[in-house]
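**Q** Based on what follows, work out the 3D shape:
(2 chains)
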Amino acid sequence: MSTSVFTTFQLNEQLFGVDIRFIREINKQLDLSPVPHAPDYICGLINLRGQIVTVIDLKRRLGFENTSITNETHNLILKTDQEITNSFGADEVTEFAIPDKVGLLVDQIGDIVSVVTDTIALPPANVGKVDGQYLRGAVALPEGLLTILSMNAILKGAN
Amino acid sequence: MTEFSDDNLIAEFITESRDHLSAIEPDLLLLEQDESQPDPELINRIFRAIHSIKGASGFFGFEGLKKLSHIMENLLMLIRDGEMSPSPAIVEGLLKGVDKLNILLEDIQHSDQVSIEYELNLLTSLLDNKAPAEVEMPIETPAIIPRPIGKAHLYVLEIDTQQDLLDKEQTPDTFLNFLKTIGEVKATTPEIQSGSTLPSQWQIYFSTVLEKDLVVHATSLLESKISIQTEILTSTSNDSTECLPSEPPIHLGSKPPSARAMTRNNGSDSTDSIRVRIDLLNKLMELAGELVLSRNQLLRTIGNEIPQGNGLSNIAQNIDLITSDLQEHIMQTRMQPIGSIFGKFPRIIRDMSKQLGKEINIVLEGEDVELDKSIIESLSDPLTHLIRNCCDHGIELPDDRVRVGKSKTGNILLRAFHQDGQINISISDDGRGIDTEKLIKKALQKALLQEADIKALSPQEQANLIFLPGLSTAEQISDISGRGVGMDVVKTNITKLGGQIQIETSPGEGTSLLLRLPLTLAIIPSLIVGVSSQRFAIPQANLVELVHIRAEEIPERIEKVGTATVLQLRGQLLPLLRLADVLVIPTQANIDDSGILAPERRAEIADIREGIHLLNRRQSSSSGYKIIVVRAGYHQFGLIVDELFDTEEIVVKSLSSFLKDCRCFSGATIMGDGLVAMILDPSGIIAHTALSFETIESERRKLESMNHHLETAQQSESLLIFNNAESEVFAAHLEDILRLEKFQLSEITQVGNREFINYQGKGLPLLRLQDYLPIGTMSEMQKDAYLIIPRAGNGCVGIIVSRILDVQETNCEWKPSAVQAAGIAGWAVLNDQITIKLDIQALLQQAGTTGLIYEVEAA
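**A** Next up is the predicted model:
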């Protein structure tokens, strides 16, 4: 019985998850330098130990309002496709292809959850305001519904 | 392919062979120069390089490579043994061989399929022409013995008299004599006496610098019959002079290797360098960069939180120094001497001068100047192009040079040097220079320029037309240059590297090009500017100057031309943009408390695209404007910023693909304080704002032509300066005057109240100025005076003036006279004197109306 592991986080108190294999690190590095003329969901660039990371305001990307930075705001740094290939082999990169370093701004970070892959349901047409194209699936957890995001759609703008 | 072959080994073989080949090319050229007295050290070096290529290609089983290098080796051996002198033909053959070897190395796996027939035949014929007469080598012939340098080998040759000598039509004497030409015969066992009977088996102790396989080749003995005994250091030939057919020619042995050969040798033979992969170096650079940032954070934290005096700050300081040092040195690992590309030019010049029938000499300077590897690589093509241009267009044919009094040989100086923190490369020739007339004609013909533009160009700017795309002055397209794509591509490439290129030329004396390049691409000095709370970097290469316009100067320095706002800067009009508007950066008020930007004011972009607006939005600002004047290609424009910070050396990082539409930026960087700043791209800003230089350009031209008209209107007035009453100075247009005559006042005949003079047999009516103008009269004391015969009166009237003072070219401004009288055109101060300009025509008209002319006609 195969399981999938997700990093969970909250956006507007709603629970979302991203496949943990895509996550490089989670931090609170939020010294954002805005980029004029950038798409509205790009909230700026940060310096991650000498590397420049493009930070996406995930809420804005999914159609919510802009993220307001609080003490709980976190930055999920994604792996580049190169890093994913290095860790898991080229097959995993099919999910998305981002050559650059990208971070996702989230309201609050949650637990790491492991779910039986078969229990992941197909995504609903939409979850609240979030358009179905950004969703990969949904799992009912004791603490509520976990919506699994499709990195493909979220990062599509880059290609 | 043998079973030993292994991809890594082969790759190493290829790189090493390439190095060898590129190293011997200049050596071959040197060899050619010293044809009569080849430097043995030089030959040895070439020999060793080819030899090791031969050895390795044999090992890997690359037959083509082996064959070719082998025959080259044979040729070199003969040169080394003095049996051949490195004539141009031979050097040419060897160079051809080097070229082919390079080609074979390109695709080593298929190298055996490449035809090497031509080179083999060429080299074989060279070998055959001067092949050593192995059969009979007359004893009297003084063979040149190279003085053995470095290590020599002692060989024992096992000789079977019948098989090795007699069957090959050699006698022991001829064989020994031959050996003596390539080394020293130390002894034989048993001792061979001329004429004595020969044992069937005997041994020769033979010492030479040649490697074993060469000895095999030279002696045609089986390899198994030659055994190496020891390596002995031979400094000079000592006890065995009687073995030598002649003393080694002194001039050869004693000739010191040229300084160039020495230094090269010291560099290339030493083993104090190793090969390192570029990606490893890049990783190290990156890590060093991260270390620097971590250090900065550490220092800040220590400064803020740790009390002084606990020793920690000393440690921090130490780490600070070491980190800087480390970074600097890692940077240096990417630096390469520019000599690596300069080195190939002597060969190019040599080949081209042959091809073009010219005599060209190239001098290289500053080959040890170091540049970032990536720059070196991208510099190779542009430099080659420029050098080829010099040869093709710059340097004249020898005859032409002699005709204009120059030496037959043209010179090209290629020089690299440091200046102002940049690398400068200058290429100058003493050729014919650039024909700017021809350039202009071509530019007009191809409609790259307007007639009006030409006038505004300085001579230097005219020469710079050569960088316009689609311009080539070569009448005929040769295979060397003249395709009309060259110079602008060169310029583009240099600009891409963050460099600049300038050209100066003087007809008949030569052309010189100057390239200015940053030391490294990775780190560029930049000015940090601030808008609102954001900071941006602008590369120094794009920066022209900083201008501060005080609030009170704004009305006169900044104006509107059509929809564009322009800055007047020393008579030039520069388009002016406010960076905050270009980048749609909200003022502080638009940033909410969270620090996240409020929705952007998209609407304003449209405004910006239509033209610049709201420049006076901050008219109240007492500090005026801080303007950076930036350059993008041919264009310059001003950017208003809020703050000017320091210059910083920034490390350029490329932008994420999310930001590919942000044309105003060329990249991002991390500043000293660890924050990210965007790097501004002036060309992108022009594109984004659709900044139109045309309206401003046309405005500028209008202004200029207006000034020009004004000038020409005032210009080149030729005036006759004269006086009547002594204190009053008059001027009249020279072109209004037909003739001037000196005459005696006593010649005047009075007829009624009219005055006449006998002039060319006719009575010429005279008029006095004071009769028509409110001016003083001529002094009564005067005996003689001058006659002005104006053009307008058909030569039928003369004006009496007392003295002609001068004829003058002037462009002074005439002011209207206070005295309103027909005949006075105006006044001005000329030569410190108030001068009244007369209008001769009006004057005559007035005289005519008084009936004077009429009366004369009637008379």
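
**Q** how about the spatially closest residue to A:Pro36 that is not a sequence neighbour, what does it touch?
**A** Distances taken as Cβ to Cβ, 6 or more residues apart in numbering or on different chains place B:Leu583 nearest to A:Pro36, at 3.6 Å, with adjacent residues excluded. Where C-beta positions appear, they are placed from N, C-alpha and C, glycine not excepted. Residues near B:Leu583 by Cβ atoms under 8 Å, 6 or more residues apart in numbering or on different chains: A:36-37, B:531, B:664.

**Q** ditto for B:Ser85
**A** Per Cβ under 8 Å, 6+ apart, neighbours of B:Ser85: B:35-36, B:38, B:79.

**Q** among those, which two are most distant?
**A** B:Ser36 and B:Ile79 (12.4 Å; Cβ to Cβ).

**Q** which one of the two has more residues nearby?
**A** B:Ile79 (25 against 9; other Cβ atoms under 10 Å in any protein chain shown).

**Q** can you pull the buried residues of the one helix or strand that one maps to?
**A** Using DSSP states H and E, B:Ile79 maps to helix B:63-80. The neighbour-count criterion (16 or more other Cβ atoms under 10 Å in any protein chain shown) identifies B:64-80 as the buried residues of helix B:63-80.

**Q** Stretch B:326-335 too?
**A** B:326-327, B:330-331, B:334-335.

**Q** The lengthiest helix in chain A - what's its average pLDDT?
**A** Secondary structure assigned by DSSP state H gives helix A:81-88 as the longest helix of chain A. Averaged across helix A:81-88, the pLDDT comes to 75.

**Q** quick check, that helix touching chain B?
**A** No - using Cβ under 8 Å from any Cβ of the partner chain, helix A:81-88 stays clear of chain B, coming no nearer than 11.8 Å.

**Q** Could you identify the helix or strand that succeeds that helix?
**A** strand A:102-106.

**Q** before we move on, what SS does the residue in the stretch 151-300 of chain B that chain A sits nearest to have?
**A** Closest approach between the stretch 151-300 of chain B and chain A, counting by Cβ to the nearest Cβ: B:Glu290, at 3.4 Å. Put simply, B:Glu290 is helix when judged by DSSP: H, G, I helix; E, B strand; the rest coil.

**Q** could you list every residue that touches it?
**A** By Cβ under 8 Å, 6+ apart, the contact list for B:Glu290 reads A:49-51.

**Q** One more pass at 7 Å, please.
**A** A:49-50 (Cβ atoms under 7 Å, 6 or more residues apart in numbering or on different chains).

**Q** Find me the pLDDT at it, would you?
**A** The model reports B:Glu290 with a pLDDT of 75.

**Q** gap between the helix or strand hosting B:Trp827 and the chain center?
**A** Assigned by DSSP H and E, B:Trp827 belongs to strand B:824-830. Distance of strand B:824-830 from the chain centroid (Cα atoms, centre = their mean, to the nearest Å) equals 54 Å.

**Q** list the buried ones in that strand?
**A** For strand B:824-830, using 16+ other Cβ under 10 Å, the buried residues are B:824-825, B:827-828, B:830.

**Q** strand partners of the lowest-mean-pLDDT helix or strand in chain A, parallel vs antiparallel please.
**A** Every helix and strand of chain A was ranked by mean pLDDT, DSSP states H and E. The lowest is strand A:126-127, at a mean of 70. Its sheet considered, strand A:126-127 pairs with strand A:130-131 (antiparallel) by DSSP bridges.

**Q** list the contacts for B:Thr511?
**A** B:394, B:428-429, B:431, B:433-434, B:503, B:505.

**Q** picking up where we left off before, pull the distance from the longest helix of chain A to the chain's centre.
**A** Using Cα atoms, centre = their mean, the offset of helix A:81-88 from its chain centre is 17 Å.

**Q** Great, nothing more from me.
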